[in-house]
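Enquirer: Task: produce atomic coordinates for the following.
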Amino acid sequence: MAIAILTSGGDCAGMNPAIKQFVDYCFSKNIQPYLIYDGLEGLIDGDIKKASYEDVAGMMHQGGTMIRSSRSKRFFEYEYRKIAYENLQKHGIDKLIILGGDGSFRALDQFYKDFGVNFVGIPSTIDNDIFGTEYCLGVDTALNIIREATDAVRDTSASFKRACVIETMGRDCGYLALVSAITCGAEVCIIPELEYDLDKIGKRLKEELKNGRKYIVCIVAEGCNSQVCTNTNGLVKWLEEDVGIETRATILGHVQRGGNPTVYDRLMASEFATYAIDKILDDEKCNHVIVYNKSEFQFVSIDYVNSQKYEIKKELLDLARRLIN
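Expert: Residues are numbered from 1 along each chain as shown. A predicted model of the protein is given here:
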């Protein structure tokens, strides 16, 4: 029996710990693990190798994915999926674990329907925007990187009585910005999920500055970049011209995807990988995603994951409402 693992789409901290646990746990159950390099593209190109303990030694503390990732348009064409299937057959592989997002899961679901290759998807994205799970692998590390950067920028902003606008990643989801604003004590939080009134915010900030505030921290989600007035540059201009405070912008970018995985992401990676292997061994037919809700691991269908758009829970949104008025 042979099982392979691959990473697809955007990388995140926590992937390497999951890969290491996958290999170690497979060996403990006398199963030959395989590594697929370069994601779905590597599956098509046949970049598939037997894994050894040496391959995964020293991976727990490393961010990103040592087996690399990709985004593949070719995989959505049947002729290339057929090539990928033939590549798996050469190694006797009929089971896959994939670390990725909903697009990667859809790709393997079609693969399952075409050729019956069983798989389990592990939600892995710093955006934390996959419907059906409260937690995605990598988000905790990303939040801690944002926290560290925000704390550092706040220090220099306070030294010069400045405002700072910090842009986080997250695509169209404001989760990273929202949680970071709450936990870093930001004065302003701009995310796509909440309506805001710059006039009200500006009036509040001016009053606070009169009453002794020495700096302002504004955290904005990259998903707001389509809005001229409230993208990062627009907020800098607004703070300087309307609020009347010197302002600097910091776009964190891909630094949020790297870095040493936190203890929590390492632990969750290990649990995700272990339960995924158990599931794929127990079910004759398996095309599921493992999710985490209310401190419990569950398995759901791809159709369920794709049935709705992820929404940040109301309790978190309510915590941030005072930062938008």
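Enquirer: Quick one: the helices in the protein, in order.
Expert: Residue ranges of the helices in the chain, as given by DSSP state H, are 15-28, 39-45, 53-56, 78-91, 102-115, 139-160, 175-184, 198-210, 232-238, 263-282, 302-305, 314-320.
Enquirer: Kindly reformat those helices as a markdown table containing mean pLDDT, mean neighbour count and distance to N225.
Expert: (C-beta placed from N, C-alpha, C; glycine too.) Shown next, in a markdown table, are the helices of the chain (pLDDT from 0 to 100; neighbours: other C-beta atoms under 10 Å; distance: least, C-beta to C-beta, whole Å):
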| stretch | mean pLDDT | mean neighbour count | distance to N225 |
| --- | --- | --- | --- |
| helix 15-28 | 98 | 23 | 27 |
| helix 39-45 | 98 | 25 | 27 |
| helix 53-56 | 96 | 14 | 38 |
| helix 78-91 | 98 | 16 | 33 |
| helix 102-115 | 96 | 20 | 21 |
| helix 139-160 | 97 | 19 | 17 |
| helix 175-184 | 97 | 24 | 12 |
| helix 198-210 | 96 | 15 | 16 |
| helix 232-238 | 94 | 18 | 7 |
| helix 263-282 | 98 | 20 | 27 |
| helix 302-305 | 94 | 17 | 26 |
| helix 314-320 | 94 | 13 | 19 |
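Enquirer: In TSV, list the ones you listed along with distance to G244.
Expert: Shown next, in TSV, are the helices of the chain (distance: least, C-beta to C-beta, whole Å):
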stretch	distance to G244
helix 15-28	45
helix 39-45	49
helix 53-56	55
helix 78-91	57
helix 102-115	44
helix 139-160	15
helix 175-184	22
helix 198-210	7
helix 232-238	11
helix 263-282	41
helix 302-305	47
helix 314-320	24
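Enquirer: And A57, how far from I3?
Expert: 20 Å (C-beta to C-beta, to the nearest Å).
Enquirer: ok, these two, which is more surrounded?
Expert: I3 (26 against 10; other C-beta atoms under 10 Å).
Enquirer: can you tell me how far that one sits from K50?
Expert: Going from I3 to K50 by C-beta to C-beta gives 11 Å.
Enquirer: if I look at these two, which residues touch both of them?
Expert: Jointly contacting I3 and K50 under the rule C-beta atoms under 8 Å, 6 or more residues apart in numbering are Q32, P33, Y34.
Enquirer: confidence score at the second one?
Expert: Which is P33. Note on P33: pLDDT of 98.
Enquirer: so Y292 makes contact with E134?
Expert: Yes. The criterion here is C-beta atoms under 8 Å, and Y292 meets it with E134 at 5.9 Å.
Enquirer: who's more crowded, these two?
Expert: Y292 (19 against 14).
Enquirer: gap between S70 and D11?
Expert: Distance from S70 to D11, by C-beta to C-beta: 10 Å.
Enquirer: if you count what's nearby, which of these two comes out ahead?
Expert: The neighbour comparison of S70 against D11 (other C-beta under 10 Å) goes to D11, with 24 against 19.
Enquirer: Wait, that one touches R257, no?
Expert: Yes. Counting by C-beta under 8 Å, R257 is a contact partner of D11 at 5.6 Å.
Enquirer: joint contacts of those two?
Expert: G63, G64.
Enquirer: ok, H61 to G103 distance?
Expert: H61 is 28 Å from G103, by C-beta to C-beta.
Enquirer: likewise I191?
Expert: Taken as C-beta to C-beta, the span from I191 to G103 is 22 Å.
Enquirer: Just the pLDDT for C224.
Expert: With respect to pLDDT, C224 has a value of 88.
Enquirer: Contact partners for it?
Expert: G174, I190, I191, P192, T230, N231.
Enquirer: neighbours around the residue nearest to the last one when sequence neighbours are not counted, how many?
Expert: Okay, so that is N231. Using C-beta to C-beta, 6 or more residues apart in numbering and skipping residues adjacent in sequence, the residue nearest N231 is N225, 4.4 Å away. Using other C-beta under 10 Å, the number of residues around N225 comes to 15.
Enquirer: Just to check, N225 is in contact with N233?
Expert: No. The pair N225 and N233 does not pass the contact test of C-beta under 8 Å, sitting 9.1 Å apart.
Enquirer: rewinding a little: I'd like to know which of the helices of the chain is closest to E296.
Expert: helix 263-282 (10.7 Å; C-beta to C-beta).
Enquirer: who touches the closest one?
Expert: With C-beta under 8 Å, 6+ apart, helix 263-282 has contacts from 3, 13-15, 17-19, 21-22, 25-26, 29, 31, 60, 95, 97, 118-120, 122, 135, 137-141, 261, 286, 288, 290, 292, 297, 299.
Enquirer: and with 7 Å instead?
Expert: Helix 263-282 has contacts (C-beta atoms under 7 Å, 6 or more residues apart in numbering) with 3, 13-14, 17-18, 21-22, 25-26, 60, 95, 97, 118, 120, 122, 135, 137-138, 140-141, 286, 288, 290, 297, 299.
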